[in-house]
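Asker: Build me a model:
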Amino acid sequence: MKAQEEINFNRIAEAISYIKANFKTQPGLEEIAEKVNLSPFHFQRLFSEWAGTTPKRFLQYISIGYAKEMLKDNHTLFNTALETGLSGTSRLHDLFVNIEGMTPGEYKNGGENLHINYSFAESPFGNIIVASTPKGICHIAFYDDEALALNNLQRQFPAAKYQLILDKEQQNALYIFNHDWSKLHQIKLHLKGTDFQLKVWEALLKIPMGKLSTYGTIARQLQNPNASRAVGTAIGDNPVAFLIPCHRVIQTSGALGGYHWGVDRKTAIIGWEAAQINQG
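Answerer: Next comes the predicted model:
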């Protein structure tokens, strides 16, 4: 039997997909609720519990118009003075996540020197696999098939030694999916990547929660304005879903663009984060 959190997210994702496919007709609450086999009352309650806002307001957060408004802030996103003035919530990833690159000796020969713990967990956006070395988190991915998720992890480090265990590094990282971040400690990421990839992933941490950026903006931030395509490739190779917020990078037009773990999931995360920031 599927866990309730997964069932709830699947309904949310189905609703988002339906809303996007029929945005020209602007379907109402009753129509959307019927699509996911719930009464309007139960759908409204489910949505509000998940997102912390109403379906109507959530629709505003995932619109192209809202995205364009967010992109207007792009030129100041990386301004230190502005960042210092932002709330702790919006700077969550920037303040709490620290990246350390793996040395060639650590990942050589398929990672034969690596000891990797992994476990499976639930999140507001579907099931995730999370893996760690003694130095930090090395992998987080959303998944639909558990066996395939493990296989994808093992393909990255085929010679590593694996153990199914939930360790303290993983537990701490999973707190970031909660509404209450008081238990959260510094999250260390231990990642295999080129110097350029690591720089791109570190730049993503500086995009505040509830804000959005573009590939071109990231390239300019790295003082390499012609590298938009290379930035896009590095973002697509992000090994740590959500903690490194590649979902906050969209197209200049305001369209959300692609996402390794599905566009509906990206839409859900963007809307959910906007709702957290705009509560109250």
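Asker: Quick check: closest non-adjacent residue to P124.
Answerer: Nearest residue to P124 in three dimensions, chain neighbours excluded: F177, at 6.0 Å (Cβ to Cβ, 6 or more residues apart in numbering). The way it works is simple: take the backbone N, C-alpha and C, and place the C-beta from them, glycine included.
Asker: quick one: the one you found and G126 touch, right?
Answerer: No - contact between F177 and G126 fails when scored by Cβ atoms under 8 Å: they sit 10.9 Å apart.
Asker: neighbour count winner among those two?
Answerer: G126 (20 against 15; other Cβ atoms under 10 Å).
Asker: Quick check on that one: phi, psi?
Answerer: Main-chain torsions, G126, degrees, to the nearest 10: phi 110, psi 180.
Asker: Run through the residues that contact it.
Answerer: With contact set as Cβ atoms under 8 Å, 6 or more residues apart in numbering, G126 has these partners: E6, F9, N10, A13, F142, Y143, D144, W261, R265.
Asker: and the fourth one, which of the three is it?
Answerer: By that I understand A13. helix (DSSP: H, G, I helix; E, B strand; the rest coil).
Asker: which residues of the chain fall in strands?
Answerer: 97-101, 115-123, 126-133, 136-142, 161-164, 187-191, 213-214, 249-250 (DSSP state E).
Asker: Including distance to G236 and mean pLDDT, could those go into TSV?
Answerer: What follows is those, written out as TSV (distance: least, Cβ to Cβ, whole Å; pLDDT from 0 to 100):
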stretch	distance to G236	mean pLDDT
strand 97-101	17	89
strand 115-123	20	95
strand 126-133	18	96
strand 136-142	13	96
strand 161-164	25	97
strand 187-191	15	94
strand 213-214	15	92
strand 249-250	10	92
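Asker: Quick one: closest of those strands to L29.
Answerer: strand 126-133 (23.6 Å; Cβ to Cβ).
Asker: Give the partner strands of that closest one in its sheet and their orientations.
Answerer: Sheet pairing for strand 126-133, assigned by DSSP bridges, gives strand 115-123 (antiparallel), strand 136-142 (antiparallel).
Asker: ok and the last one relative to strand 187-191, angle-wise?
Answerer: Per axes from the mean of the first three to the mean of the last three Cα atoms, to 10 degrees, the angle that strand 136-142 makes with strand 187-191 is 80 degrees.
Asker: Ok, the longest one next?
Answerer: Compare the direction of strand 115-123 with that of strand 187-191 by the same axes, to 10 degrees and you get 120 degrees.
Asker: May I see the buried residues of strand 115-123?
Answerer: I116, N117, Y118, S119, A121, E122, S123 (16 or more other Cβ atoms under 10 Å).
Asker: and the residues you listed, which two are the farthest apart?
Answerer: Maximum pairwise distance in the buried residues of strand 115-123, criterion Cβ to Cβ, is 20.9 Å, between I116 and E122.
Asker: Now for the closest residue to F142 other than its chain neighbours: which residues touch it?
Answerer: Once flanking residues are discounted, F142 sits nearest to W261: 4.2 Å by Cβ to Cβ, 6+ apart. By Cβ under 8 Å, 6+ apart, the contact list for W261 reads G126, A141, F142, A241.
Asker: give me that answer again for 10 Å
Answerer: W261 makes contact with F125, G126, I128, A141, F142, Y143, D144, A241, F242, C246, H247, I269, according to Cβ atoms under 10 Å, 6 or more residues apart in numbering.
Asker: The fourth one: neighbouring residues, count only.
Answerer: In terms of burial, A141 registers 19 neighbours under the definition other Cβ under 10 Å.
Asker: got a list of what it touches?
Answerer: Contacts of A141 by Cβ under 10 Å, 6+ apart are 127-131, 149, 152-153, 238-242, 260-261.
Asker: sorry, back to before: what is the nearest of the buried residues of strand 115-123 to A67?
Answerer: For the buried residues of strand 115-123, the nearest to A67 is S123 (23.0 Å; Cβ to Cβ).
Asker: wait, isn't that closest one in contact with N8?
Answerer: No - under the criterion of Cβ atoms under 10 Å, S123 is not in contact with N8, lying 11.4 Å apart.
Asker: which residue is nearest the middle of this protein?
Answerer: F242 (2.4 Å; Cα atoms, centre = their mean).
Asker: My guess is it contacts A121. True?
Answerer: No - assessed by Cβ under 10 Å, F242 is found out of contact with A121, at 11.7 Å.
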